[in-house]
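**Q** I would like to see how this sequence folds:
(2 chains)
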Amino acid sequence: DSGVTQTPKHLITATGQRVTLRCSPRSGDLSVYWYQQSLDQGLQFLIQYYNGEERAKGNILERFSAQQFPDLHSELNLSSLELGDSALYFCASSPRTDRTEAFFGQGTRLTVV
Amino acid sequence: GENVEQHPSTLSVQEGDSAVIKCTYSDSASNYFPWYKQELGKRPQLIIDIRSNVGEKKDQRIAVTLNKTAKHFSLHITETQPEDSAVYFCAASGVGSNYQLIWGAGTKLIIKP
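**A** Residues are numbered from 1 along each chain as shown, chains lettered A, B, ... in the order given. Sure, this is the predicted structure:
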């Protein structure tokens, strides 16, 4: 167990809908990352938050947004969902932003039908 | 910005043989190089990492080597076992990437019985 908790584990929703994925980082970790992994693909970095503030953005669509709350948990909001958004969404946390390993949650498998 | 290339994309080795996966990076300022293992449907897990002040690091059957001059680092797995079958990702980070982990595309390692 990495100590990073993601909910829900599975989510099935229809095209056009909006969903929220939740991540609780390891105790004491200030940095949270979100990744998208489509079937048999690599890890696509979406966005990073550090201590409540957005720190870096990757290839995140405008339909997607995220935030990190004062208690350091983070939410990824996906709206106007399309079939191509079906993927595993991972959250990872690390203590700082530099030269430290990232610990991954078990992921949320999103299926858009 | 930083770019990480990983080869090969698929590697098939006989059980008991060694496996080597290589990554090259572009930013000479990168100073942290982790390797993650991802079993099917599971989270990526850190298996070993190396920092730029070290040339080699070992942990039982796995080792990582770093050649800063050539800007490449490699994962070596000896005496491979069926449970080594997984996708392996390398990554690099440093000041040039604003300490973001820049990921390789992954290597699918298949251990043949």
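
**Q** hey, let's count contacts and neighbours off CA atoms from now on
**A** Fine.

**Q** Give the partner strands of the lowest-mean-pLDDT helix or strand in chain B in its sheet and their orientations.
**A** Using mean pLDDT, DSSP states H and E, the weakest-scoring helix or strand in chain B turns out to be strand B:102-103, at a mean of 92. Here strand B:102-103 has these sheet partners by DSSP bridges: strand B:86-94 (antiparallel).

**Q** pLDDT of the partner strand, averaged?
**A** Averaging pLDDT along strand B:86-94 gives 94.

**Q** Alpha carbons of that strand, as CSV, please.
**A** Taking Å, rounded to 0.1, in the frame of the first residue of the first chain, the C-alpha atoms of strand B:86-94 are listed here in CSV:
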residue,chain,number,x,y,z
ALA,B,86,5.5,-6.2,-16.3
VAL,B,87,5.9,-2.8,-18.0
TYR,B,88,8.9,-0.8,-16.8
PHE,B,89,9.0,3.0,-17.0
CYS,B,90,12.0,5.2,-16.6
ALA,B,91,11.9,8.9,-15.8
ALA,B,92,14.2,11.8,-15.4
SER,B,93,13.8,15.1,-13.6
GLY,B,94,15.8,18.2,-12.7
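
**Q** got the end-to-end distance for stretch A:33-45?
**A** 8 Å (Cα to Cα, to the nearest Å).

**Q** Checking the one residue sitting closest to the centre of chain A next. Helix, strand or coil?
**A** Nearest residue to the geometric centre of chain A (Cα atoms, centre = their mean): residue A:34, 3.3 Å. Counting by DSSP: H, G, I helix; E, B strand; the rest coil, the backbone at residue A:34 sits in strand.

**Q** and it, bridged to which residues?
**A** For residue A:34, the beta-bridge partners under DSSP bridges are residue A:47, residue A:91.

**Q** thinking it is in contact with residue A:94, fair?
**A** No: assessed by Cα atoms under 8 Å, residue A:34 is found out of contact with residue A:94, at 11.9 Å.

**Q** ok, the closest residue to residue B:42 other than its chain neighbours to residue B:45 distance?
**A** In this structure, residue B:42 finds its nearest non-sequential neighbour in residue A:106, 6.4 Å apart by Cα to Cα, 6 or more residues apart in numbering or on different chains. To residue B:45, residue A:106 is 10 Å away according to Cα to Cα.

**Q** What of residue B:6?
**A** Distance check for residue B:6 against residue B:45: by Cα to Cα, it reads 18 Å.

**Q** can you tell me which residues contact the nearest residue to residue B:51 once chain neighbours are set aside?
**A** Computed as Cα to Cα, 6+ apart, the closest residue to residue B:51 that is not its neighbour in sequence is residue B:32, at 4.6 Å. Neighbouring residues of residue B:32 by Cα atoms under 8 Å, 6 or more residues apart in numbering or on different chains: A:99-100, B:49-52, B:92-94.

**Q** Mind picking the one among the residues you listed that's closest to residue A:64?
**A** Nearest to residue A:64 out of the contacts of residue B:32 is residue B:93 (Cα to Cα; 24.9 Å).

**Q** and residue 39, what is it in contact with?
**A** Defaulting to chain A. Counting by Cα under 8 Å, 6+ apart, residue A:39 makes contact with A:87-88.

**Q** Chain B, not that one
**A** With Cα under 8 Å, 6+ apart, residue B:39 has these contacts: B:85-87.
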